[in-house]
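Novice: mind looking at a prediction? Sequence and model below.
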Amino acid sequence: MAEIACAVGGAFLNVLFERLASRVELLKMFQKNKHDDDGPLEKLGNTLVGLQIVLSDAENKQASDQHVRQWLNKLQSAVYSAENLMEEVHYEALKLKVEGQHQNLAETCNKKVFRFFSDCCGRRLSDDFFLNIKEKLEDTSKILEELEKQIGHLGLQRYFDSGKKLETRPPSTSVVESDVFGRQNEIEELIDRLMSKEASEKNLIVLPIVGMGGIGKTTLAKAVYNDEKVKGHFGLKAWICVSEPYDAFRISKGLLQEIGSLEPKDDNNLNQMQVKLKERLNGKRFQVSNCSG
């Protein structure tokens, strides 16, 4: 039986990461009131940052790499566990707040969370609850730390808010059948449009695949790119990833490499590479697939 793989959405995980980051501060306050070292929480916060900056690359690679897909699934499970942990603490804080209102502590609680924990939690929060939370936190942190250690082995690249990358590597166009389960109608529709009479009569046709992160846009594009009918229809084909910021030199070099026309004397001169591209593509029917995200 073929495995049906579910894509993990990087955008969805990013939302969870942002929620966790804000609640780590709440947990720090909780832990300080129990006279415990907040070093593990600082480490958890750093681990979350280290994981979050590779989400974009992991999302793109999960379609063609089952190890990345499994890693993302484990990450999602661990993040859910951490989120549930924060919910437990948040619930306990709300419960204490309600109880504190009967002792005219509501105003103090609303002014400052830290003050609230100082006034209420020290007296009311049981050691059993604290130890239970601490144990769960340590278990979840260990899982997240182990996943962070696997980043290098999986070859995941780090993306920062500026959009710049620390590393680059050629993208893969491979895709397995399980990744496109239930998408055959969409694939056929795109292929028909690519090979239609209308497309043949135009000098240039652009078929955008749009949608939020994690819905399988790249997987769909790869399935179309690798289709045998499409391979036979186009004389030249190239797969290129356009990152931010836009890098014309890297894209031109990548396209020449894809179509097998890059020569050593040209690979450091953008103008020569673009002239070579124009010469190579002139009068040809060609397909360029862009995985810009």
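Specialist: Structure's in. What do you need?
Novice: next, the distance between the ends of stretch 238-255.
Specialist: Taking C-alpha to C-alpha, to the nearest Å, stretch 238-255 runs 6 Å from one end to the other.
Novice: what residues of it count as buried?
Specialist: Of the residues in stretch 238-255, Ala238, Trp239, Ile240, Cys241, Ser243, Ile251, Ser252, Lys253, Gly254, Leu255 count as buried by neighbour count, 16 or more other C-beta atoms under 10 Å. In short, each C-beta sits where N, CA and C put it, glycine included.
Novice: determine which two of the residues you listed are furthest apart.
Specialist: The span of those, defined through C-beta to C-beta, is set by Ala238 and Ser243 at 15.9 Å.
Novice: in CSV, list the buried residues of stretch 238-255 along with distance to Ile143.
Specialist: Putting the buried residues of stretch 238-255 into CSV (distance: C-beta to C-beta, whole Å) gives the following:
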residue, distance to Ile143
Ala238, 40
Trp239, 35
Ile240, 36
Cys241, 30
Ser243, 30
Ile251, 38
Ser252, 43
Lys253, 40
Gly254, 37
Leu255, 41
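Novice: from those, which single one is nearest Ser289?
Specialist: Checking these against Ser289 by C-beta to C-beta gives Trp239 as the nearest, at 4.9 Å.
Novice: now that closest one, what's its secondary structure?
Specialist: Classification of Trp239 by DSSP: H, G, I helix; E, B strand; the rest coil places it in strand.
Novice: for the helix or strand containing Leu277, C-alpha coordinates in CSV please.
Specialist: Using DSSP states H and E, Leu277 sits within helix 270-281. The C-alpha coordinates for helix 270-281 follow below in CSV (Å, rounded to 0.1, in the frame of the first residue of the first chain):
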residue,chain,number,x,y,z
LEU,A,270,26.8,38.3,-15.8
ASN,A,271,26.6,40.0,-19.2
GLN,A,272,28.3,37.0,-21.0
MET,A,273,26.0,34.5,-19.2
GLN,A,274,22.8,36.5,-20.2
VAL,A,275,24.0,36.7,-23.8
LYS,A,276,24.7,33.0,-23.8
LEU,A,277,21.2,32.4,-22.5
LYS,A,278,19.6,34.5,-25.2
GLU,A,279,21.6,32.6,-27.9
ARG,A,280,20.7,29.2,-26.5
LEU,A,281,17.0,29.9,-26.0
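Novice: list the contacts of Lys142.
Specialist: Listed by C-beta atoms under 8 Å, 6 or more residues apart in numbering, the contact set of Lys142 is empty.
Novice: measure it to Lys276 for me?
Specialist: Distance, Lys142 to Lys276, by C-beta to C-beta, to the nearest Å: 52 Å.
Novice: ok, Ser252 next?
Specialist: As judged by C-beta to C-beta, Ser252 and Lys276 stand 9 Å apart.
Novice: number of nearby residues for Arg69?
Specialist: By other C-beta atoms under 10 Å, the residues close to Arg69 number 20.
Novice: oh sorry, the question was meant for Asp128
Specialist: Neighbours of Asp128 under the rule other C-beta under 10 Å: 8.
Novice: got it, and Gly152?
Specialist: There are 8 residues near Gly152, going by other C-beta under 10 Å.
Novice: before we move on, back to that, closest one of the buried residues of stretch 238-255 to Asn60?
Specialist: Taking C-beta to C-beta as the measure, Cys241 is the one of those closest to Asn60, at 7.8 Å.
Novice: tell me the pLDDT of the closest one.
Specialist: Confidence at Cys241, expressed as pLDDT, is 75.
Novice: can you report how many residues lie near the nearest residue to Leu154 once chain neighbours are set aside?
Specialist: The shortest distance from Leu154 to any residue other than its chain neighbours is 5.5 Å, reached at Val68 (C-beta to C-beta, 6 or more residues apart in numbering). Counted with other C-beta under 10 Å, residues neighbouring Val68 total 22.
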